[in-house]
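Trainee: generate a structure from the sequence data that follows.
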Amino acid sequence: MPVVLELKNISKTYPGVKALDDVDLTLYQGEIHALLGENGAGKSTLVKVMTGAQRKDEGIGQVLFNNQSYDFKTPAEAQLAGISTVYQEVNLLPNLTVAQNLFLGHEPRKYGLIDYKNMLVQSEQLLSRFKLSIDVNAQLSSFSVAVQQLIAIARGVAMSAQVLVLDEPTASLDADEVQTLFAVLNQLKAEGVAIVFITHFLDQVYQISDRITVLRNGKQVGQFLTSELPQAKLIEAMLGKELQHLTGHQRECESPTNSQEAILSLSNVSAKGSIQSMNLTVGKGQAVGLAGLLGSGRTEVCKAIFGLDQLTQGDITFTNNRLTISQPADAINAGIALCPEDRKTDGIIGPLSIRENIALALQARLGWWRYISKAQQEELAQFYIDKLQIATPDADKPIEQLSGGNQQKVILARWLAIEPMLLILDEPTRGIDIGAHAEILTLIRSLCEEGMSLLVTSSELDELVALANKVVVMRDRHKVTELSGSELTSQHVMQAIAEG
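Mentor: Predicted coordinates:
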């Protein structure tokens, strides 16, 4: 098939960060091409350069569309040329009707005016391809997120003449909706449309894609035929490690009492669009790891336990009592703490001081009518500044002025101040320098040795194996297996992820 879109030697530099480094991508007419990589690999940046949302580095690289060189300045320019993008976050207008959203900016016209009757007919015909029988005159906001996502994809299908880019299109869809979408994509493929498919669901990659491009740390690892790339090799390409070169690490975090008493149990727990039939136990004084590729469901398990994602079925038992959590405050009051994956967005409050950030969870637990005085806050903050060796001249420095590693220490201090029985750490060492990385790991090991129960997720398998008493392996938001004892090695974890 002819080449419809070709990116050559694309680089993109942000202040202090090389997001893309000499990346190539070739897209053929009538193919579904999976673009894969872990968080920070450069997938989103490449799509933004491809579609005009970002400009590539000046004087480097080339974007060829139908053998002509283009330098799209806006997504509208790319869309006009025949390249349409549908993002994971629905970016439609909730106050408009379904039909208005589907044809916004390219409404059918008659005598120079919008032909609403024709637009309604075309909208119903378009949505019928997705097996959606809904009132296209209803406001978009009246439908579920999953339906809105299908409508956004339908809009992309209607607008795309030659190239359709789908960024995590199945994240909020159930199994039947995914199969309906795939049927439409195969039909578009037969019509000659080239489709870029970004996802973290490996089974879906092998079900729908013809070829795969893997990015890692802003660089292209390679382009592969899906039929010729074993899943184990795909994971090696994404993580940058070979199975045969991985060796097991001695676990460094052992329960001082080796107690088998469960402090936390998840029984058949599911959350819509999140995790499915999850079973998990964390023993008293035990460190349990959650392993899997990005999108496997690791973070979603943490959110469900902490009350950020609402359960649709199953039970959570904590300290031998059935736990009902409708919001994070319920988890905090029960003795559960969470250090989130994205500390800048979900963890720190940038303009507030170190002192205020540390006192925050304890103040919430006590209630605002039992105010912690400034003197008490200063005493609390200074205790943890000394204990965790937070690099700062004083406790009143705004937390946003600290390095990533020191911000992470402040978040840890915040939760240690409430003396939790279970501490959940979601990617505790992501985005921090080597020195701070080692300090954080040392701190985590000391907490474990003191008898605190820990649930830890990490993309660094060697790190996770070294910390945990057992590791629960996840894939496509399901639990695959549990590894402990002599089976708990990086090699076995990677094999479990690959084999599912």
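
Trainee: contacts, neighbours, all on C-alpha from now
Mentor: Fine.

Trainee: tell me which residue is most central in this protein.
Mentor: With distances taken as C-alpha atoms, centre = their mean, G295 lies nearest the centre of the chain, 5.3 Å away.

Trainee: list the contacts for that one?
Mentor: Residues in contact with G295, defined by C-alpha atoms under 8 Å, 6 or more residues apart in numbering, are H200, F201, R475, D476, R477.

Trainee: may I ask which helix or strand of this protein has the lowest mean pLDDT?
Mentor: Taking mean pLDDT, DSSP states H and E as the measure, the helix or strand of the chain with the lowest value is helix 434-449, at a mean of 72.

Trainee: so where's the stretch 301-450 of the chain shaky on pLDDT?
Mentor: For the stretch 301-450 of the chain, applying pLDDT under 70 flags the ranges 430-438.

Trainee: what segments of it are strands?
Mentor: The residue ranges that make up the strands of the stretch 301-450 of the chain, judged by DSSP state E, counting those that start in this stretch, are 313-318, 321-323, 336-339, 422-426.

Trainee: among those strands, which is nearest G82?
Mentor: Judged by C-alpha to C-alpha, the one of those that comes nearest to G82 is strand 422-426, at 40.0 Å.

Trainee: name the helices or strands packed onto that closest one?
Mentor: Counting contacts by 3 or more C-alpha pairs under 8 Å, 6 or more residues apart in numbering; DSSP states H and E, strand 422-426 packs against helix 298-306, strand 336-339, strand 453-457.

Trainee: just give me how far that strand sits from the chain centre.
Mentor: Computed by C-alpha atoms, centre = their mean, to the nearest Å, the chain-centroid distance of strand 422-426 equals 17 Å.

Trainee: just give me the neighbour total for A152.
Mentor: The number of residues packed around A152, counting by other C-alpha atoms under 10 Å, is 24.

Trainee: what strand or helix carries it?
Mentor: Here A152 sits within helix 145-159, counting by DSSP states H and E.

Trainee: give me the contacts around that helix.
Mentor: Helix 145-159 has contacts (C-alpha under 8 Å, 6+ apart) with 79, 82, 84-86, 88, 90-92, 98, 101-103, 126-127, 130, 140, 164, 166, 169, 172-173, 181.

Trainee: let me know the average pLDDT across it.
Mentor: With pLDDT averaged residue by residue, helix 145-159 scores 81.

Trainee: Q310 and I316 touch, don't they?
Mentor: No. Using C-alpha atoms under 8 Å as the test, Q310 is too far from I316 to be in contact (11.8 Å).

Trainee: in terms of pLDDT, where does the closest residue in space to K73 that isn't next to it in sequence sit?
Mentor: Take K73 and drop its neighbours on the chain: the residue closest to it by C-alpha to C-alpha, 6 or more residues apart in numbering is G52, 4.9 Å away. The predicted local distance difference test score for G52 is 88.

Trainee: how long is stretch 110-119 from one end to the other?
Mentor: Taking C-alpha to C-alpha, to the nearest Å as the measure, stretch 110-119 stretches 11 Å from start to finish.

Trainee: about what we covered before: now the contacts of helix 145-159: which count as buried?
Mentor: When those are checked for burial by 16 or more other C-alpha atoms under 10 Å, the buried set is 79, 84-86, 88, 90, 92, 98, 101-103, 126-127, 130, 140, 164, 166, 169, 172-173, 181.

Trainee: so which of those residues sit within helices?
Mentor: Using DSSP state H, the members of these that fall in helices are Q79, V98, N101, L102, L126, L127, L181.

Trainee: need the helices for the stretch 301-450 of the chain, in chain order.
Mentor: Secondary structure of the stretch 301-450 of the chain (DSSP state H, counting those that start in this stretch): helices at 328-334, 354-366, 374-388, 404-416, 434-449.
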